[in-house]
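Student: Here is my input; please provide its structure:
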Amino acid sequence: MKLFARVVLSGAAVALALAGSVFAGNASAEISAQACTQPGVASNGRITQQTLTNGVNGCTVYRIISWHNYHSPQGDYIGFFNVFGPNGTIAVSQTKLWSTEESFRAEVNQTAGSGRLWCSEFWRKNSDGSFTRTADPACSSV
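Tutor: Got it, this is the predicted structure:
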């Protein structure tokens, strides 16, 4: 459980969680007043995510699919994905060996206003048992 707390308290997650808590008060007013975009695929060079939205209301994200696309000299990574959005952590995958052919699928089913970020990050397990984030989060704006 200590690891989970460490991930949630990463800088980007805290900023997004705080932004989400400020936004939560008038969510319906902002969503109805603004059109949301269809985000598609986002990548930071190491992590790629596909954000899927509801065709009727583009502000509702129903699924985020994440995978790492970095081929390291050591091969595949042991680690986990952390998926988060404007309301904080959505899902954390199991810690395991992830190949570049595998993806982590997070069921989101959340609505937020236009311009909010939905992100994925991968944490690699180090030889001493600690974890290191492989790159900045890959984020889509909806």
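Student: Low-confidence ranges, the chain, go.
Tutor: Applying pLDDT under 70 to the chain flags the ranges 1-37, 55-58, 70-75.
Student: let's see it at 90
Tutor: 1-62, 67-77, 87, 99-102, 109-116, 134-135, 140-142 (pLDDT under 90).
Student: Which residue ranges of it form helices?
Tutor: 2-8, 11-23, 27-33 (DSSP state H).
Student: Would you confirm that residue 115 contacts residue 141?
Tutor: Yes: if you go by CB atoms under 8 Å, residue 115 and residue 141 touch, sitting 5.7 Å apart. (Each C-beta comes from the backbone N, C-alpha and C, glycine too.)
Student: Can you give me the neighbour number for residue 129?
Tutor: Neighbour count for residue 129, taken as other CB atoms under 10 Å: 7.
Student: What's the separation between it and residue 98?
Tutor: Using CB to CB, to the nearest Å, residue 129 is found at 17 Å from residue 98.
Student: Using PDB, write down the CA coordinates of stretch 98-118.
Tutor: Provided in PDB are the C-alpha atoms of stretch 98-118 (Å, rounded to 0.1, in the frame of the first residue of the first chain):
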ATOM      1  CA  TRP A  98       4.900  -6.000 -19.600                       C
ATOM      2  CA  SER A  99       5.900  -6.600 -23.200                       C
ATOM      3  CA  THR A 100       5.400  -4.100 -25.900                       C
ATOM      4  CA  GLU A 101       2.700  -6.300 -27.300                       C
ATOM      5  CA  GLU A 102       0.500  -6.000 -24.200                       C
ATOM      6  CA  SER A 103      -1.700  -3.200 -23.100                       C
ATOM      7  CA  PHE A 104      -3.500  -2.100 -19.900                       C
ATOM      8  CA  ARG A 105      -7.100  -1.300 -20.200                       C
ATOM      9  CA  ALA A 106      -8.700   1.000 -17.600                       C
ATOM     10  CA  GLU A 107     -12.500   1.400 -17.400                       C
ATOM     11  CA  VAL A 108     -13.000   5.100 -16.600                       C
ATOM     12  CA  ASN A 109     -16.600   6.000 -17.000                       C
ATOM     13  CA  GLN A 110     -16.000   9.600 -15.800                       C
ATOM     14  CA  THR A 111     -17.100  13.000 -17.100                       C
ATOM     15  CA  ALA A 112     -15.100  16.200 -16.900                       C
ATOM     16  CA  GLY A 113     -15.200  19.600 -18.600                       C
ATOM     17  CA  SER A 114     -13.500  20.500 -21.800                       C
ATOM     18  CA  GLY A 115      -9.700  20.700 -21.700                       C
ATOM     19  CA  ARG A 116      -9.200  18.300 -18.800                       C
ATOM     20  CA  LEU A 117      -6.200  15.900 -18.900                       C
ATOM     21  CA  TRP A 118      -6.400  12.100 -18.800                       C
END
